[in-house]
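**Student:** Would you be able to build a 3D model of this:
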Amino acid sequence: MIGVRPARTADAAAIGAVHVAAWRSAYPAILPPGFLTNLSAARQAVNYDAAIRMGRGVFVAVASGRDLAVAGGPRVVGFATGGQARRTGLGEGEIETLYVLDDYRDHGVGRRLLRALAGSLRDEGCASAFVWVLRDNPARFFYAHLGGTLAAEEPITFAGAHLVQSAYRWDPIDRLLEATAPA
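**Tutor:** Numbering: from 1, shown residues only. Purely as a prediction, here's the structure:
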């Protein structure tokens, strides 16, 4: 069984590990190999611990029982973060991250995480939301499939790579909640 819940500080290390695994899987043709090799789950955990403590919206997908691919207790297999938009003009709420381990993709985990985060953003008073995604990242189709409209594109330099990021927006945010509703 996979459940989605607000993250706890005890989840920070597992969130950091998912972050690193997801980046290494998603970005090998986009970001420099040396950058991906040097990613640190421990450093990422510090960032996520701080986000949880600050009250940012952080949700985890946790696998247990027969859905658990490894022995042991429940395991964080994905997460999403967000909050009030960090800059104006695209929406009131911002989806900052959404990552799911490869073995758990295409099973509705990302959709469920996005729904939990969108609900939290709406509860905070956000009437609209957006997400930035690298234009070369196939995940952009996930956001478009959920009704996100392409709202902006801009060039960025990250890890020494010249890239383009695209913003997908849901206005009103209820469109995202409807698109991620359980079938």
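**Student:** what's the next secondary structure element after the helix or strand harbouring Y48?
**Tutor:** Here Y48 sits within helix 41-54, counting by DSSP states H and E. On the C-terminal side of helix 41-54, the closest following helix or strand by DSSP H and E is strand 57-63.
**Student:** Centre of the chain to that following strand, how far?
**Tutor:** Computed by Cα atoms, centre = their mean, to the nearest Å, the chain-centroid distance of strand 57-63 equals 10 Å.
**Student:** Relative to that strand, what are the paired strands and their orientations?
**Tutor:** strand 2-6 (antiparallel), strand 75-84 (antiparallel) (DSSP bridges).
**Student:** how about stretch 47-59 as PDB, C-alpha atoms only?
**Tutor:** The C-alpha trace of stretch 47-59 is given here as PDB (Å, rounded to 0.1, in the frame of the first residue of the first chain):
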ATOM      1  CA  ASN A  47      17.600  21.300   3.000                       C
ATOM      2  CA  TYR A  48      14.400  19.200   3.400                       C
ATOM      3  CA  ASP A  49      14.700  19.100   7.200                       C
ATOM      4  CA  ALA A  50      14.800  22.900   7.100                       C
ATOM      5  CA  ALA A  51      11.800  23.100   4.800                       C
ATOM      6  CA  ILE A  52       9.700  20.800   7.000                       C
ATOM      7  CA  ARG A  53      10.700  22.800  10.100                       C
ATOM      8  CA  MET A  54       9.800  26.100   8.400                       C
ATOM      9  CA  GLY A  55       6.300  24.800   7.600                       C
ATOM     10  CA  ARG A  56       6.700  24.600   3.800                       C
ATOM     11  CA  GLY A  57       4.400  22.100   2.300                       C
ATOM     12  CA  VAL A  58       6.300  18.900   2.100                       C
ATOM     13  CA  PHE A  59       4.400  15.600   1.400                       C
END
